[in-house]
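Asks: What would the 3D arrangement of this be:
(chains A, B, C and D)
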Protein chains: 4
Amino acid sequence: MHNIDNLTRKIVRFNKDRDWEQFHNPKDLAISLSLEASEVLEHFQWKNNEEIEEYIKNHKENIGEELADVFYWVILMSHYLNIDIIKASEKKLKKNAEKYPINKAKGKHTKYNQL
Amino acid sequence: MHNIDNLTRKIVRFNKDRDWEQFHNPKDLAISLSLEASEVLEHFQWKNNEEIEEYIKNHKENIGEELADVFYWVILMSHYLNIDIIKASEKKLKKNAEKYPINKAKGKHTKYNQL
Amino acid sequence: MHNIDNLTRKIVRFNKDRDWEQFHNPKDLAISLSLEASEVLEHFQWKNNEEIEEYIKNHKENIGEELADVFYWVILMSHYLNIDIIKASEKKLKKNAEKYPINKAKGKHTKYNQL
Amino acid sequence: MHNIDNLTRKIVRFNKDRDWEQFHNPKDLAISLSLEASEVLEHFQWKNNEEIEEYIKNHKENIGEELADVFYWVILMSHYLNIDIIKASEKKLKKNAEKYPINKAKGKHTKYNQL
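Replies: This is a model prediction of the structure:
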């Protein structure tokens, strides 16, 4: 079982130990989140599906690190803003389940804008 | 205590129920991650620190939803790529702790490139 | 006077000479555009206004290169999609001028969403 | 022939007329650039090559507007930072021509990182 509270504590502690919280204003945190998401995306650029499949096999550790960087900023930002990210996620998922009822959404990739 | 495995199961189920997994190739997943991170960033644009503080008070729910969207894609992408995101995060944090030793990094925001 | 047609021709020629057009599908072009825009943004992260002012003085050449990278993809993408980017820009500017009439918009930074 | 100086003057004038230059600090300009690039990318998400080809036919005007938005911020940012974007682009292109000599780069999409 994976407990996110421990990880959150470690991330917060990591930053406190280095006195880095002074730099963590929301705008720059959000910029970090966006830049790290771009770094994930960069891995898949200029590759077709077969090349990506092959690439993932050989770079799983590296992609995992990039995803961890995005995860890190979501967790840290949620912590600072006093947002319970698990609860917020459960809530959003419920909202989306209502927005995209199974019988209507099934198999359609028009989901995000035109359903 | 916050268990991420339950949330992961719900997210996976949500997509299976809608037959959406067929659209979830890694490149488009990574695009989603990047677009959702941009939506978080959009909230803080054109605002100074005071305005942001005020804004957060009045839009916490909404920002929580956007962070949840990023979280969602990290979790789903990690699931598909068979990456244990908690383990990957712990590992990355350890790596960063070595890269930025407390006594050298303390209070410096040169951390990300020039330390 | 700055003529953009010459630059466009050079950029197109640069890619033709290298047989790179085969990789330039719209999705990957748009990813490039997004990634290069992120690289511009990265320069301004974790810096306050004074630090940014100082930073720009010392990194103007470098920032110019990053902006040129974004410019490059806009021009190349417009070329492939047969979009006259100058005309499209003039048209969009006219549209925005109507959307944000001077007397209403003056001095307000609510422009982008709430005017 | 397409002259970019006229467009630049119009864009600068558009913002002066609305007293918006006070909001245009480099960090927020760079955020705008990044957000608008994301909006271009959004058009191509969740679509395969055939769907994209079809989509472009029916949404050329709209994509042109989004590219114009990115173009707008590159031009405005270059103007504020006193960067001659055409010169910077010509210079960068020359640099890339040396970095990726035709005989070595021809037909390879390893260009961006591994050549």
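Asks: Alongside chain C, which residues does chain A contribute?
Replies: A:23, A:28, A:31-32, A:34-35, A:38, A:41-42, A:44-46 (Cβ under 8 Å from any Cβ of the partner chain). Glycine gets a C-beta too; all of them are placed from N, C-alpha and C.
Asks: And chain B, is the helix or strand harbouring residue A:51 touching that?
Replies: In the assignment (DSSP states H and E), residue A:51 maps to helix A:49-80. Yes. On the criterion Cβ under 8 Å from any Cβ, helix A:49-80 is in touch with chain B at A:49, A:52, A:56, A:60, A:63-65, A:67-72, A:74, A:77-78.
Asks: Mind giving me the packing neighbours of that helix?
Replies: In this structure, helix A:49-80 packs against helix A:4-17, helix A:26-42, helix A:85-99, helix B:26-42, helix B:49-80, helix B:85-99, with contacts taken as 3 or more Cβ pairs under 8 Å, 6 or more residues apart in numbering or on different chains; DSSP states H and E.
Asks: Return the distance of the lowest-mean-pLDDT helix or strand in chain A from the chain's centre.
Replies: Within chain A, no helix or strand scores below helix A:102-105, which has a mean of 90 by mean pLDDT, DSSP states H and E. Remark: helix A:102-105 is offset 26 Å from the chain centroid, using Cα atoms, centre = their mean, to the nearest Å.
Asks: List the buried residues in that helix.
Replies: The neighbour-count check on helix A:102-105 (16 or more other Cβ atoms under 10 Å in any protein chain shown) flags residue A:105 as buried.
Asks: Could you do stretch A:15-27 as well?
Replies: Buried positions in stretch A:15-27, judged by neighbour count with 16+ other Cβ under 10 Å: A:15, A:18, A:20, A:23-27.
Asks: Lowest pLDDT pick from those residues?
Replies: Within the buried residues of stretch A:15-27, residue A:23 has the lowest pLDDT, namely 92.
Asks: Point out where chain A drops to low pLDDT.
Replies: Residues of chain A that meet the criterion pLDDT under 70 lie in A:1, A:109-115.
Asks: and if we set it to 90?
Replies: A:1-3, A:104-115 (pLDDT under 90).
Asks: now the residue of chain A most remote from its centre: how far from residue B:18?
Replies: Relative to the centre of chain A, the most outlying C-alpha is that of residue A:103, 28.0 Å out, by Cα atoms, centre = their mean. Counting by Cβ to Cβ, to the nearest Å, the gap from residue A:103 to residue B:18 is 10 Å.
Asks: try residue A:88
Replies: 21 Å.
Asks: what do you get for residue A:92?
Replies: Separation of residue A:92 from residue B:18 (Cβ to Cβ): 15 Å.
Asks: related to what we said a few turns ago, which ones, among the buried residues of stretch A:15-27, also lie beside chain B?
Replies: Contacts with chain B within those, counted by Cβ under 8 Å from any Cβ: A:18, A:20, A:23, A:25-27.
Asks: between those residues, which is closest to chain C?
Replies: Each of those was scored against chain C by Cβ to the nearest Cβ, and residue A:23 proved nearest at 5.6 Å.
Asks: you'd agree that closest one is up against residue C:46?
Replies: Yes. Contact criterion Cβ atoms under 8 Å: residue A:23 and residue C:46 qualify, at 5.6 Å.
Asks: burial count for the closest residue to residue A:45 other than its chain neighbours?
Replies: Once flanking residues are discounted, residue A:45 sits nearest to residue C:31: 5.0 Å by Cβ to Cβ, 6 or more residues apart in numbering or on different chains. Residues contacting residue C:31 under the criterion other Cβ atoms under 10 Å in any protein chain shown number 26.
Asks: and if you look at the one 10 residues further on?
Replies: Residues lying near residue C:41 (other Cβ under 10 Å) number 25.
Asks: List the contacts of it.
Replies: Shown in contact with residue C:41 (Cβ atoms under 8 Å, 6 or more residues apart in numbering or on different chains): A:31, A:34-35, D:30-31, D:33-34.
Asks: at 6 Å what do you get?
Replies: D:30, D:34 (Cβ atoms under 6 Å, 6 or more residues apart in numbering or on different chains).
Asks: Tell me how far it lies from residue A:42.
Replies: Distance from residue C:41 to residue A:42, by Cβ to Cβ: 14 Å.
Asks: For the helix holding residue A:51, what is the distance to the chain centroid?
Replies: 9 Å.
Asks: quick one, it and helix A:4-17 angle?
Replies: 70 degrees (axes from the mean of the first three to the mean of the last three Cα atoms, to 10 degrees).
Asks: Which residue is it, in chain A, that comes closest to chain C?
Replies: Counting by Cβ to the nearest Cβ, chain A gets nearest chain C through residue A:38, at 4.1 Å.
Asks: That residue - how many residues pack around it?
Replies: Neighbours of residue A:38 (other Cβ under 10 Å): 28.
Asks: before we move on, what about residue A:51?
Replies: Number of residues near residue A:51 (other Cβ under 10 Å) recorded here: 12.
Asks: Next up, the contacts around it.
Replies: With Cβ under 6 Å, 6+ apart, residue A:51 has no contacts at all.
Asks: Return the distance of it relative to residue A:43.
Replies: 11 Å.
Asks: what's the answer for residue A:106, then?
Replies: 30 Å.
Asks: neighbour-wise, which of these two wins?
Replies: Remark: of residue A:106 and residue A:43, residue A:43 carries more neighbours, 18 against 12, as counted by other Cβ under 10 Å.
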